[in-house]
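# need a structure here:
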Amino acid sequence: MTPSLRLAHTADLGPAELRAARALLDDAFDGDFSDEDWNHGLGGTHALVSDARGLAAHGSVVMRRVRCAGRWLRTGYVEAVAVRADVRRTGLGGRVMAELERIIDRGYELGALSASDEGALLYTARGWRRWDGEVHVLSPERGVVRLPDEEDDLFVRGVPHDPGPALVLDWRDGDVT
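Model (predicted):
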């Protein structure tokens, strides 16, 4: 069976599909995928690749606001990308990312994601670039706060020609990036 790809908003996924996606992410991240991480990937569009064994790959894009070059941009933020262990390095991650990138390119002003060292290989091969400026967050308690530990992990797509020295991400619980 050729793996099939499906796009669906969170609202259109049934409980079994959501459980399968969460199980895939828990396995792919060796149990280091928190409830907050899961929540970050909900509320947007999911790309799901299925094969004869079930869900083989997943990723989602959710809307965030990111300040860049003096403007708050509608940003497609990539979350919860994972491929089942037995089908890694077969192109399924690329299929998921191609669909998420299509959504970002047509529906958002900017694309962004946070990547592990291993994940960064996929994203840079697809044209994403590591953000080379400062990364900040708009904290509800302390205003704009720099996140130097996150600066090597943030990747962007579709940056304005004069991006300025910093990105400021909107606040969310858990890992901000």
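# OK, contacts around the spatially closest residue to residue 169 that is not a sequence neighbour?
Nearest residue to residue 169, sequence neighbours excluded (C-beta to C-beta, 6 or more residues apart in numbering): residue 137, at 5.0 Å. All C-beta spots, glycine's among them, are computed from the backbone N, C-alpha and C. The contact partners of residue 137, by C-beta atoms under 8 Å, 6 or more residues apart in numbering, come to 144-145, 147, 168-171, 176-177.
# Could I get the full set of strands for the protein?
4-9, 45-51, 54-68, 71-83, 110-114, 129-130, 134-139, 143-146, 154-157, 166-169 (DSSP state E).
# So residue 175 is in contact with residue 36, correct?
Yes - using C-beta atoms under 8 Å, residue 175 makes contact with residue 36 at a distance of 7.0 Å.
# what sits opposite the residue nearest the centre of the chain in the beta ladder?
Per C-alpha atoms, centre = their mean, the C-alpha nearest to the average position across the chain is that of residue 78, at 1.8 Å. Bridge pairing for residue 78 (DSSP bridges) gives the partners residue 61.
# list the contacts for it?
Residues counted as contacts of residue 78 (C-beta under 8 Å, 6+ apart) are 59-61, 97, 100, 104, 111-113.
# just residue 23 next, same as before
With C-beta under 8 Å, 6+ apart, residue 23 has these contacts: residue 55.
# Would you format the contacts of residue 78 as TSV with neighbour count and distance to residue 131 included?
Formatted as TSV, the contacts of residue 78 follow (neighbours: other C-beta atoms under 10 Å; distance: C-beta to C-beta, whole Å):
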residue	neighbour count	distance to residue 131
59	25	20
60	27	20
61	29	18
97	23	18
100	26	18
104	23	15
111	23	11
112	26	8
113	25	10
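# and which of these is nearest residue 18?
residue 60 (11.2 Å; C-beta to C-beta).
# Could you measure from the closest one over to residue 82?
Applying C-beta to C-beta, to the nearest Å, the value for residue 60 to residue 82 is 11 Å.
# Do you know the pLDDT at the nearest residue to residue 100 once chain neighbours are set aside?
Distances taken as C-beta to C-beta, 6+ apart put residue 61 closest to residue 100, at 4.7 Å, once the chain neighbours are dropped. You'll see residue 61 listed with a pLDDT of 98.
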